[in-house]
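> Let me see the structure of the following:
(2 chains)
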There are 2 protein chains.
Amino acid sequence: MTHRLVAAARPEEVSQAARLLEPIEAKLAATEALLRRKVESDVPFIARAGEYVFAGGGKRMRPALLFWCSRLLGRQGDEDVTYAAVVELIHTATLIHDDIIDHADLRRGRRTIHSLWGSNLTVLVGDWLYTTAMKMALEHDDLRVIDLFCDATLRMTEGELLALERLGDIELTRDEYFGIIDRKTAALFAAACAAPALVAPVSEDAVAALSAYGRALGTCFQLIDDLLDYTAQESALGKPVLSDLREGKLTLPLLLALPRLTTAERAQVAAVLEDRAFSRVSEGEILALVQREGTLEEVSELARAQARRAGSALEHFADCEARRALEFAAEFVLHRRA
Amino acid sequence: MTHRLVAAARPEEVSQAARLLEPIEAKLAATEALLRRKVESDVPFIARAGEYVFAGGGKRMRPALLFWCSRLLGRQGDEDVTYAAVVELIHTATLIHDDIIDHADLRRGRRTIHSLWGSNLTVLVGDWLYTTAMKMALEHDDLRVIDLFCDATLRMTEGELLALERLGDIELTRDEYFGIIDRKTAALFAAACAAPALVAPVSEDAVAALSAYGRALGTCFQLIDDLLDYTAQESALGKPVLSDLREGKLTLPLLLALPRLTTAERAQVAAVLEDRAFSRVSEGEILALVQREGTLEEVSELARAQARRAGSALEHFADCEARRALEFAAEFVLHRRA
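Take a look at the predicted model:
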């Protein structure tokens, strides 16, 4: 079976990704089966939308990280499959609600359920997936794990709210940007990695180390995501480039360049944010600004620093296959092209 | 302090309602304080929207029922305040998402947060309230209570989805109607009433009896709600009469009349459902149909039967002040005028 993370990668990355996924392939397959089973419902629309959403796949990054962290701690049992499905359900519910807000028509090259069935049904499907995730998390009586997932979900919602309040605002600060991505993205990565450490017997040191690892990895992931919006080709991403800016989202490459631009150039950025379109200013003109100021390379360096920080957090653990896989995951996130 | 349930009632109902609420006034006040505290947030919009929503009040029916059930079981401690706030948070989150879907501008005579701040922020505030409810429910380590609230939330979402799929459909059956209101309304009433019985030491008989009581009361509540849409005055409800039909919602008074109407009269109903407006047919014409067929009285009788069923469920318990209050609550729901 070719995993979709492998399928999505560049040819030269395939063998590396396979190395990362092969040992946890059975767990990932069990997670897929569990997700499909959980969206079976006597409510026709839930069954239809659930089937559609999970058939579309995704990289299943968070489940993969959770399984490696579980291995690192020598956890036996199948709680990790439940929690991996919980994390993926929360992630999916968030994407579904975010797609309503962003009016996104495409996600991973497929139509969003919001564009297919309208926002009303989609609000409710998102609610159903969130609550199903919480109900599943209850299965193993680990209250701290459920609390962890509740917290991560709250942080994600808050991150999206903060982002929405600052949408189209050229005055967004670097600190605000990092505050937003920490809640929107890093919090769930941190929860996915820390969850196995919260299964009894709990080691607080392991919780802290894996949480730090996941947070740094998630931050790295988001920095690369924001970078790819400036550097990737439409075909690889399944969505148009510079789509963040077109939606009014100011991300780090342009945010770092802004203080160095002329008044006229800032006005160009403001025009795109205001129009939510490249009508008065072209994509090429904006790209030229970030290239001239070298901020794409600066963001790359910040992402590398986060990957190194993730690696350092793993030094808490003895060298083993799982630790090497998690170290490699940080490299993989850093070098991904889609 | 005049409770808002009392404030909302007709003068002749005030003294009765006061009798129902006085003994649990301290608990209700503690719930209000807890709700206000929980929506304090460093995210400006959450604090603003939360303050607005809870300042608007509401009848706090579900918390009141939960407190009387807790008393009936002789529960000590303050878990019931937490769970009452949880129930009210879930109820509020559901209303907020429903108002987006219904494009409702008014609720209890005040503007909805959707109409004030747009649906994007409102989707996220709803998500945040749902997750905050689940996180609060974790505080007392009663896994079965959390599971109960998760289930009720799932049922409510499913009920709204089913209702949405059948919106504007003149072929809706009576069984489908009851299936929808059972999930949309009765499930959370049942959970509110059964929650105190799931705090250790658990009595399964009490869980079953209070769940049956809550379900019957909730069904009665919804039947009266649907009836009031046909019989109440705009000023008392804070929203226009026949607003359900205007939104494409076929409720029991008209649903029972439909098979007895002439083809031309059915076409009138179909026209309102299709137009989502009283443009080709007037409110008066529709009202005349249900009055002629006597279905308002039939729905009243069905509501009375549910109130009796609620009373029967209480026979499991010895006579006491709490049991009499819960019996009276069923009467109160049956006879409310707003």
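
> Low-confidence ranges, the stretch 1-150 of chain A, go.
Along the stretch 1-150 of chain A, the parts satisfying pLDDT under 70 run over A:1-14.

> likewise the stretch 201-338 of chain A?
Residues of the stretch 201-338 of chain A that meet the cut-off, pLDDT under 70, sit at A:234-240.

> change it to 90
By pLDDT under 90, the low-scoring segments of the stretch 201-338 of chain A are A:201, A:203, A:231-241, A:243, A:336-338.

> which stretches of it form strands?
Here the stretch 201-338 of chain A has no strands by DSSP state E, counting those that start in this stretch.

> repeat for the stretch 1-150 of chain A
Applying DSSP E, counting those that start in this stretch to the stretch 1-150 of chain A gives strands spanning A:106-107, A:110-111.

> among these, which is nearest residue A:154?
strand A:106-107 (23.2 Å; Cβ to Cβ). All C-beta spots, glycine's among them, are computed from the backbone N, C-alpha and C.

> Pairing partners for the closest one, with directions?
Note on strand A:106-107: by DSSP bridges, its sheet partners are strand A:110-111 (antiparallel).

> Point out the residues in the stretch 1-150 of chain A that sit beside chain B.
Residues of the stretch 1-150 of chain A lying near chain B by Cβ under 8 Å from any Cβ of the partner chain: A:41, A:43-46, A:97, A:100-101, A:119-121, A:123-128, A:130-132, A:134-135, A:138, A:141, A:143, A:146-147, A:150.

> So which of the residues you listed belong to helices?
Using DSSP state H, the subset of the residues of the stretch 1-150 of chain A next to chain B located in helices is A:44-46, A:97, A:100-101, A:119-121, A:123-128, A:130-132, A:134-135, A:143, A:146-147, A:150.

> how close does residue A:310 get to residue A:215?
Per Cβ to Cβ, to the nearest Å, residue A:310 is found 8 Å from residue A:215.

> In terms of neighbours, single out the busier of those two.
residue A:310 (27 against 23; other Cβ atoms under 10 Å in any protein chain shown).

> ok, now which ones touch the more buried one?
By Cβ atoms under 8 Å, 6 or more residues apart in numbering or on different chains, residue A:310 lies in contact with A:212, A:213, A:216, A:217, A:220, A:326, A:330.

> I'd like those residues as TSV, with neighbour count and distance to chain B appended.
TSV is the format used below for these (neighbours: other Cβ atoms under 10 Å in any protein chain shown; distance: Cβ to the nearest Cβ, whole Å):
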residue	neighbour count	distance to chain B
A:212	19	22
A:213	29	24
A:216	24	23
A:217	30	23
A:220	26	24
A:326	27	28
A:330	24	29
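
> Is it possible to get CSV of these that adds distance to residue B:270?
Output for the contacts of residue A:310, formatted as CSV (distance: Cβ to Cβ, whole Å):
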residue, distance to residue B:270
A:212, 62
A:213, 61
A:216, 60
A:217, 57
A:220, 58
A:326, 61
A:330, 61
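
> And these, which is closest to residue B:169?
Once Cβ to Cβ is applied, the member of the contacts of residue A:310 that ends up nearest residue B:169 is residue A:217, at 48.5 Å.

> wait, isn't that closest one in contact with residue A:66?
No: counting by Cβ atoms under 8 Å, residue A:217 stays clear of residue A:66, with 12.0 Å between them.

> Residues that sit against both of the two, list them.
Listed as contacting both residue A:217 and residue A:66 by Cβ under 8 Å, 6+ apart are residue A:193.

> Please tell me how far residue A:145 sits from chain B.
As defined by Cβ to the nearest Cβ, to the nearest Å, residue A:145 lies at a distance of 11 Å from chain B.

> and if you look at residue A:167?
9 Å.

> State the three-state secondary structure for that residue.
Following DSSP: H, G, I helix; E, B strand; the rest coil, we place residue A:167 in the coil state.

> quick one, what contacts it?
So residue A:167 contacts A:247, A:248, A:249 (Cβ under 8 Å, 6+ apart).

> repeat that for 6 Å
Counting by Cβ atoms under 6 Å, 6 or more residues apart in numbering or on different chains, residue A:167 touches residue A:248.

> The one 5 residues further on too?
Contacts here follow Cβ under 6 Å, 6+ apart; on that basis residue A:172 touches A:166, A:250.

> Am I right that it falls within a strand?
No: using three-state DSSP, the assignment for residue A:172 is coil, not a strand.

> Which residue, other than its chain neighbours, is closest to the residue nearest to the spatial centre of chain A?
By Cα atoms, centre = their mean, chain A has its centre lying nearest to residue A:185, at 5.3 Å. Nearest residue to residue A:185 in three dimensions, chain neighbours excluded: residue A:222, at 4.1 Å (Cβ to Cβ, 6 or more residues apart in numbering or on different chains).

> From residue A:81, how far off is that neighbour?
26 Å.

> which one of the two has more residues nearby?
residue A:222 (24 against 21).

> Tell me if I'm right that that one and residue A:181 touch.
Yes: contact status for residue A:222 versus residue A:181: in contact at 4.4 Å, counting by Cβ atoms under 6 Å.

> got a list of what residue A:125 touches?
Contacts of residue A:125 (Cβ under 6 Å, 6+ apart): residue A:49.

> ok, now with 8 Å
A:45, A:46, A:49, A:50, A:96, A:113, B:161.

> Is it possible to get these out as TSV so that each row also shows distance to residue B:201 and neighbour count?
Output for the contacts of residue A:125, formatted as TSV (distance: Cβ to Cβ, whole Å; neighbours: other Cβ atoms under 10 Å in any protein chain shown):
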residue	distance to residue B:201	neighbour count
A:45	41	20
A:46	36	23
A:49	41	25
A:50	38	24
A:96	41	23
A:113	45	25
B:161	37	27
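
> ok, so of the residues you listed, who is nearest residue A:301?
Looking across the contacts of residue A:125 and measuring by Cβ to Cβ, the closest to residue A:301 is residue A:96, at 33.8 Å.

> what about that closest one, distance to chain B?
Residue A:96 is 10 Å from chain B, by Cβ to the nearest Cβ.

> Residue A:56 versus that residue, what's the distance?
11 Å.

> Give me the helices and strands touching the top helix by length along chain A, please.
If each helix of chain A is counted by residues according to DSSP H, the longest one is helix A:204-231. If you count contacts as 3 or more Cβ pairs under 8 Å, 6 or more residues apart in numbering or on different chains; DSSP states H and E, helix A:204-231 packs onto helix A:61-72, helix A:174-181, helix A:187-194, helix A:243-246, helix A:252-257, helix A:295-313, helix A:321-335.

> let's see 6 Å
helix A:187-194, helix A:295-313, helix A:321-335 (3 or more Cβ pairs under 6 Å, 6 or more residues apart in numbering or on different chains; DSSP states H and E).

> Quick check: buried residues in it?
For helix A:204-231, burial by neighbour count (16 or more other Cβ atoms under 10 Å in any protein chain shown) applies to A:206-207, A:209-231.

> Compute the inter-axis angle for it and helix A:61-72.
Angle of helix A:204-231 versus helix A:61-72, following axes from the mean of the first three to the mean of the last three Cα atoms, to 10 degrees, is 150 degrees.

> tilt between helix A:204-231 and helix A:321-335?
30 degrees.

> Measure how far helix A:204-231 is from the centre of its chain, please.
Offset of helix A:204-231 from its chain centre (Cα atoms, centre = their mean, to the nearest Å): 9 Å.

> can you count the residues close to residue A:171?
Count around residue A:171 with other Cβ under 10 Å applied: 8.

> next one: the one 10 residues further on
The criterion is other Cβ under 10 Å. On that basis, residue A:181 has 22 neighbouring residues.

> My guess is it contacts residue A:221. True?
No: assessed by Cβ under 6 Å, residue A:181 is found out of contact with residue A:221, at 9.2 Å.

> Pull the contacting residues for residue A:249.
By Cβ under 6 Å, 6+ apart, no residues touch residue A:249.
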